[in-house]
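*Asks:* Just to be clear, the model below is a prediction. Sequence and coordinates:
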Amino acid sequence: MKPLGEEVTRLIKDLQKGRGDFGKLFDLTYHHLRLVALNYLYSPADVEDVLSEVYFKVYTYLNSADVSRNCYYWMCGITKNVAFDYNSSHEAVNFVDNVSANNLFSLSLAIAADGENGDLLKAVSLLKPEDRKIVYYRFWEDKTYAEIAEMFHTRKSSIFKRLKTILRQLSQNLGK
């Protein structure tokens, strides 16, 4: 187990025995779980709401944590699940509509500005064939993450994360 995982597991063990400090667990994990939540949320503005729910669930299910395993991963799993639930239950904006908030370029603006010089087309052509298909299905055929995931025989979250990586790569290819 890595040092962070060991410390989180130790704190949870102490909390299960009634002698720990939840504040220490919060201080130790907050920034890490914030990054995990941001990785899965459509809108970064929702991160505090998600983290509030995460820590509520951690506190609620504290005694069900398996302290023989890395409890940090348990907390990361809760964070990921809460973020997915939040996205689906709060009419979250589509990731592509919120791309600029994540320091990426706005694909729709890039397409509009592409004009005759074809920079976007060149940038897309530098992608792997499978990544080009994902971009095509998502932006030209307007397919949902679930539909694309079904076509690639994978999970919706995998397509979401992969598209996020693809958009970063396109941004780099465009030099923006």
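*Replies:* Looks like it came in fine. Numbers count the residues shown, from 1 in each chain.

*Asks:* Count the neighbours of E48 for me.
*Replies:* 11 (other C-beta atoms under 10 Å). The way it works is simple: take the backbone N, C-alpha and C, and place the C-beta from them, glycine included.

*Asks:* how close does it sit to V124?
*Replies:* As judged by C-beta to C-beta, to the nearest Å, E48 and V124 stand 35 Å apart.

*Asks:* How about K57?
*Replies:* With distances taken as C-beta to C-beta, K57 is found 40 Å from V124.

*Asks:* same question, T165
*Replies:* 14 Å.

*Asks:* of the two, who's got more company?
*Replies:* V124 (19 against 10).

*Asks:* As CSV, could you dump the C-alpha coordinates of stretch 63-77?
*Replies:* C-alpha atoms of stretch 63-77 as CSV (Å, rounded to 0.1, in the frame of the first residue of the first chain):
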residue,chain,number,x,y,z
ASN,A,63,-18.1,1.0,9.4
SER,A,64,-18.5,-0.9,6.1
ALA,A,65,-15.1,0.1,4.8
ASP,A,66,-12.8,-2.9,4.5
VAL,A,67,-9.7,-1.9,6.4
SER,A,68,-7.7,-4.9,5.1
ARG,A,69,-7.6,-3.1,1.8
ASN,A,70,-6.6,0.4,0.7
CYS,A,71,-9.4,2.7,1.9
TYR,A,72,-8.2,5.6,-0.2
TYR,A,73,-9.4,3.6,-3.3
TRP,A,74,-12.7,3.0,-1.5
MET,A,75,-13.1,6.8,-1.1
CYS,A,76,-12.1,7.4,-4.7
GLY,A,77,-14.8,4.9,-5.8
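
*Asks:* Would you map out the domains in this structure?
*Replies:* Annotated domains of the chain cover 3-89, 95-174 [automatic domain parsing].

*Asks:* could you give me the average pLDDT of the last one?
*Replies:* Think domain 95-174. Averaged across domain 95-174, the pLDDT comes to 70.

*Asks:* Thank you kindly, that will do.
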